[in-house]
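Novice: Return atomic coordinates for the entry below.
(6 chains)
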Protein chains: 4
Amino acid sequence: MLDDIATSAADGSASGETKGSKTAKRVRAAALKLFARHGYAAVSMRQIASEVGVQPGALYNHFPTKQHILKDLMLQHMRGLHDAWADWTKQRADTADPLESFVSFHIGYHLQRADEVFVSYMELRNLEPENFREIEATRQSYEAILTEILNTGAAAGRYEVADPRVATRAIIAMLTGIPTWYRQGGSLTRHDIETIYLDMVRKSVAPGPDQTPKGAG
Amino acid sequence: MLDDIATSAADGSASGETKGSKTAKRVRAAALKLFARHGYAAVSMRQIASEVGVQPGALYNHFPTKQHILKDLMLQHMRGLHDAWADWTKQRADTADPLESFVSFHIGYHLQRADEVFVSYMELRNLEPENFREIEATRQSYEAILTEILNTGAAAGRYEVADPRVATRAIIAMLTGIPTWYRQGGSLTRHDIETIYLDMVRKSVAPGPDQTPKGAG
Amino acid sequence: MLDDIATSAADGSASGETKGSKTAKRVRAAALKLFARHGYAAVSMRQIASEVGVQPGALYNHFPTKQHILKDLMLQHMRGLHDAWADWTKQRADTADPLESFVSFHIGYHLQRADEVFVSYMELRNLEPENFREIEATRQSYEAILTEILNTGAAAGRYEVADPRVATRAIIAMLTGIPTWYRQGGSLTRHDIETIYLDMVRKSVAPGPDQTPKGAG
Amino acid sequence: MLDDIATSAADGSASGETKGSKTAKRVRAAALKLFARHGYAAVSMRQIASEVGVQPGALYNHFPTKQHILKDLMLQHMRGLHDAWADWTKQRADTADPLESFVSFHIGYHLQRADEVFVSYMELRNLEPENFREIEATRQSYEAILTEILNTGAAAGRYEVADPRVATRAIIAMLTGIPTWYRQGGSLTRHDIETIYLDMVRKSVAPGPDQTPKGAG
DNA sequence: AATGAATGAGTGTTCATTCAT
DNA sequence: TATGAATGAACACTCATTCAT
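Specialist: Numbering: from 1, shown residues only, chains lettered A, B, ... in the order given. Okay, the predicted model is just below:
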């Protein structure tokens, strides 16, 4: 269920759009790895160049500034996320519960992109204002998917949420935290993780049989 | 309920302090603010000094290195958290539900320390190994409080959690994310936030009426 | 006799050099001059850069640290000394007295390299331990040449020295002190210097006809 | 013969003149040791203060600047040298050979003051011009003693030196080099050293049986 | 005399970036 | 495209020195 989420965008060597030279790809890969481990501000162009196996000046044949590399990584991640969600919904249009579907998708996609996720959430403050606005817009439009699911479901009585936007943030925060501690090869498989979180999310927005008992509250 | 959490230790601008160096405190305050906004690596000692209104060299009368400032901030935050929890439980020993108590405390404490929380979660990777170990130990001992609550409650049939340590992480992530988006003066009061999250957390670990489902649950 | 000692390696401003970085050589020249005048510790990279006519950062394209510049200078000096001695002995294999030959060579070579000599003897303590060991080894192997000459000559009855290693140090100290006070254009020519010192050294290790009269001492 | 050279000036605790406070003496001792090991420019006031066991600011109660400490050390050394020479000649007015007497004295005095000697010869270039002139004058007046001995002895036919001032420098350099390599507890006693160097010096200025040679000498 | 805190300048080194080759 | 060398600004940190206490 998880494993059929596309990996294509990551290395980019397969798809039709070349997305820049071979070196540009290796720069992206090196920067992603280094930004994720040490943070954007703590990584120098020299380190990236060294990881790529090239002199610092060569990087500027592919990205005009360090900031462009960061923006490029985050934009590609957000676009990949949107595209993957579009694919996912296309392939399983009629799945029973849309919340379950979203959570499955989100966990699956994010567990395979720990570095991208980490960078995208940690380095927002290092984006220059204009870049921030652009990335933030795509991030919000992704979160809006979940908000819409919650809204629709709540209207239908399937879920009970006091504030769908707050609930969205709570759920996203919960799910996005996974890659910060989950390590492959531990006692829990990705499927275990998915099951546990799916259960918690589902219950967290479930119509309360006892809690906040509506009428008698 | 939220507002009675102590603020004294944080800014320390109060009266009873020894006499001499208020500067150290102002350095801590400036660094906290700047680290939270721009990140440890992106903040220079010059910026901190300038914010304090002092020459850069003067910082070194109070902290031997930049790294020491970071460690000091994080250690003080974690200790404050533990101490505040100890106070909290002392004052309300017999509260009905310990999970509810913990969540109330956590939200209340963290909403008043957005910067400390942000720095403590974002800058872990910028701690030198030995400092990291020290901070991480206190962080884990804090999370263990929640794990223990879940464990005990699950044994008593009050909660239903597949894996208390995973549930701990999920809940902590959810709650800790609040200060990243919550802004005072918005449409939601702190009390609203507390109510919403309390409800979601409670339900997320509630014995499942539907999940693991039906008759055989 | 003195003037035929090669000067080629020292300034290297000659023609046959590869092409690109003449800068490294100019850095060496500037550092040598400044270290000799003010001492390694008292000279800043900024001063060197300024003397070269370049920004401080540019120095690091040629030498990874200030310490490397010092080591490079000293190593090059010691190697040049060894090589020049090898050349010298090749060209005058059958000279009557080897002590005389050594002293002539030593004075001649050192008078042309006052700065190198000064730095090499003054800055030993500013070498990091590993560099010190390396330089010290070459220095000792140079002094061993003189010790061997004294040993052989003493065995043949040509000289009389109580302890050849102590005599070596005495002679080297005497000769090496010359560039600290000798200034070209004064009343003494290099040839005068050579004659005077040659005489003193020769006598200092001469078989004593009257002094320490052996049996009657 | 060596050991009766006065040690009084070094610690200064015995003699009538107090030469400043107890702390001032400890500052001098600390600075001497550190300057000798690492060089004036490489030693900070903080290091000296730390060695003394005091805060940096306290040093300025005893010496107005770092440069004053250096000058003080060198001046005291040179004065001690002159005074000790005066004592020495007073006590042994009629000794047979004045050159032998001078060499004995010089070796004996310098072997007991390795640090002072080292600093006095190495740090001349770190003296500010006026201080340099002052120290240099006393140094030259000390060397003049030897020059005078050589002059007188040459006139009497006891020695044969081409240029007494050059010979002075050669001899002083030879002797002054001793403390750079001599270590107590090695295979050679101070008496051995004295004997060896005395012999070499004596011969180096002896009327030449071979040099300036033969009949026409 | 000594401290603790500060200054203002300076340290060696690294930074993102540029550019002739 | 890539290199090697350079720039100009900045980095964390240290310096000698001052001064109120």
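Novice: Helices of chain A, residue ranges please.
Specialist: A:8-11, A:22-38, A:45-52, A:56-59, A:66-91, A:98-111, A:114-122, A:129-155, A:164-176, A:178-181, A:190-204 (DSSP state H).
Novice: got the contact list for residue A:157?
Specialist: residue A:207 (CB atoms under 8 Å, 6 or more residues apart in numbering or on different chains). Where you see a C-beta, it was placed from the backbone N, CA and C, and this is true even at glycine.
Novice: how much space is there between it and residue A:206?
Specialist: 11 Å (CB to CB, to the nearest Å).
Novice: Quick one: closest of the helices of chain A to residue B:124.
Specialist: Shortest distance between residue B:124 and these, using CB to CB, is found for helix A:178-181: 9.4 Å.
Novice: Show me which positions of that closest one end up buried.
Specialist: Of all the residues in helix A:178-181, those buried under the rule 16 or more other CB atoms under 10 Å in any protein chain shown are A:178-179.
Novice: how about it, does it get close to chain B?
Specialist: Yes - on the criterion CB under 8 Å from any CB of the partner chain, helix A:178-181 is in touch with chain B at A:178, A:180-181.
Novice: What residues does chain A have near DNA strand F?
Specialist: Residues of chain A lying close to DNA strand F (CB under 7 Å from any atom of the strand) are A:21, A:23, A:54-58, A:61-62.
Novice: Most neighbours out of those, which is it?
Specialist: Counting neighbours by other CB atoms under 10 Å in any protein chain shown, residue A:62 leads the residues of chain A next to DNA strand F with 19 neighbours.
Novice: Write out the residues of chain A neighbouring DNA strand E.
Specialist: Going by CB under 7 Å from any atom of the strand, the residues of chain A near DNA strand E are A:43-47, A:56-57, A:60, A:64-67.
Novice: Between which two of these is the distance greatest?
Specialist: Spatially, the most separated pair among those is A:47 and A:64, at 18.5 Å (CB to CB).
Novice: Which one of these two is surrounded by more residues?
Specialist: Remark: of residue A:47 and residue A:64, residue A:47 carries more neighbours, 15 against 10, as counted by other CB under 10 Å.
Novice: The more buried one and residue A:34 touch, don't they?
Specialist: Yes - counting by CB atoms under 8 Å, residue A:47 touches residue A:34, with 5.9 Å between them.
Novice: Just the CA atoms of stretch A:171-178, as PDB, please.
Specialist: Extracted in PDB, the C-alpha atoms of stretch A:171-178 (Å, rounded to 0.1, in the frame of the first residue of the first chain):
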ATOM      1  CA  ILE A 171      -2.900  15.900  12.300                       C
ATOM      2  CA  ILE A 172      -0.200  17.200  10.000                       C
ATOM      3  CA  ALA A 173       2.100  17.900  12.900                       C
ATOM      4  CA  MET A 174       1.600  14.500  14.300                       C
ATOM      5  CA  LEU A 175       2.300  12.800  11.000                       C
ATOM      6  CA  THR A 176       5.100  14.900   9.900                       C
ATOM      7  CA  GLY A 177       6.900  14.200  13.100                       C
ATOM      8  CA  ILE A 178       7.300  10.600  12.200                       C
END
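Novice: Quick one: mean pLDDT over it.
Specialist: Mean per-residue pLDDT for stretch A:171-178: 94.
Novice: Check the helices of chain A for me: which has the lowest mean pLDDT.
Specialist: Note on the helices of chain A: helix A:8-11 shows the lowest mean pLDDT, a mean of 41.
Novice: Quickly note the distance from residue A:151 to residue A:173.
Specialist: Counting by CB to CB - residue A:151 and residue A:173 are separated by 19 Å.
Novice: Settle it for me: which of those two has more neighbours?
Specialist: More neighbours sit around residue A:173 than around the other of residue A:151 and residue A:173, counting by other CB under 10 Å; the figures are 20 against 17.
Novice: And for stretch A:191-203, what's in contact with it?
Specialist: With CB under 8 Å, 6+ apart as the test, stretch A:191-203 has contacts from A:1-2, A:99-100, A:103-104, A:107-108, A:111, A:171, A:174-175, A:178, A:182, B:162-163, B:166-167, B:170, B:203-206, B:208, B:210-212.
Novice: May I see the buried residues of it?
Specialist: Residues of stretch A:191-203 classed as buried: A:193-203 (neighbour count, 16+ other CB under 10 Å).
Novice: Out of the helices of chain A, flag the one nearest residue B:127.
Specialist: helix A:22-38 (12.0 Å).
Novice: Next, the angle helix A:114-122 makes with the closest one.
Specialist: Angle of helix A:22-38 versus helix A:114-122, following axes from the mean of the first three to the mean of the last three CA atoms, to 10 degrees, is 70 degrees.
Novice: Alpha carbons only: can I get helix A:22-38 in CSV?
Specialist: The C-alpha trace of helix A:22-38 is given here as CSV (Å, rounded to 0.1, in the frame of the first residue of the first chain):
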residue,chain,number,x,y,z
LYS,A,22,23.6,15.4,-14.5
THR,A,23,25.6,17.7,-12.3
ALA,A,24,22.6,19.8,-11.3
LYS,A,25,21.0,16.6,-10.0
ARG,A,26,24.0,15.7,-8.0
VAL,A,27,24.1,19.2,-6.6
ARG,A,28,20.5,18.8,-5.5
ALA,A,29,21.2,15.4,-4.0
ALA,A,30,24.2,16.7,-2.1
ALA,A,31,22.5,19.8,-0.9
LEU,A,32,19.5,17.9,0.2
LYS,A,33,21.5,15.5,2.3
LEU,A,34,23.7,18.3,3.8
PHE,A,35,20.8,20.7,4.5
ALA,A,36,18.9,17.9,6.2
ARG,A,37,21.8,16.9,8.4
HIS,A,38,23.3,20.3,9.3
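Novice: Mind giving me the packing neighbours of it?
Specialist: On a contact count with 3 or more CB pairs under 8 Å, 6 or more residues apart in numbering or on different chains; DSSP states H and E, helix A:22-38 meets helix A:45-52, helix A:66-91, helix A:114-122.
Novice: now the angle from that helix to helix A:45-52?
Specialist: Going by the same axes, to 10 degrees, helix A:22-38 makes 120 degrees with helix A:45-52.
Novice: Residue A:184 and residue A:193, how far apart?
Specialist: Going from residue A:184 to residue A:193 by CB to CB gives 11 Å.
Novice: likewise residue A:151?
Specialist: 27 Å.
Novice: cool, and residue A:105?
Specialist: In terms of CB to CB, residue A:105 sits 14 Å off from residue A:193.
Novice: before we move on, what about residue A:175?
Specialist: Residue A:175 sits 10 Å away from residue A:193, going by CB to CB.
Novice: likewise residue A:205?
Specialist: Residue A:205 is 19 Å from residue A:193, by CB to CB.
Novice: Could you do residue A:79 as well?
Specialist: The gap separating residue A:79 from residue A:193 is 25 Å, by CB to CB.
Novice: try residue A:123
Specialist: 25 Å.
Novice: same thing with residue A:41?
Specialist: 31 Å.
Novice: what's around residue A:27, how many residues?
Specialist: Neighbour count for residue A:27, taken as other CB under 10 Å: 26.
Novice: wait, isn't it in contact with residue A:66?
Specialist: No - Residue A:27 is beyond contact range of residue A:66, at 10.7 Å (criterion: CB under 8 Å).
Novice: and residue A:201, how far is that from residue C:80?
Specialist: 76 Å.
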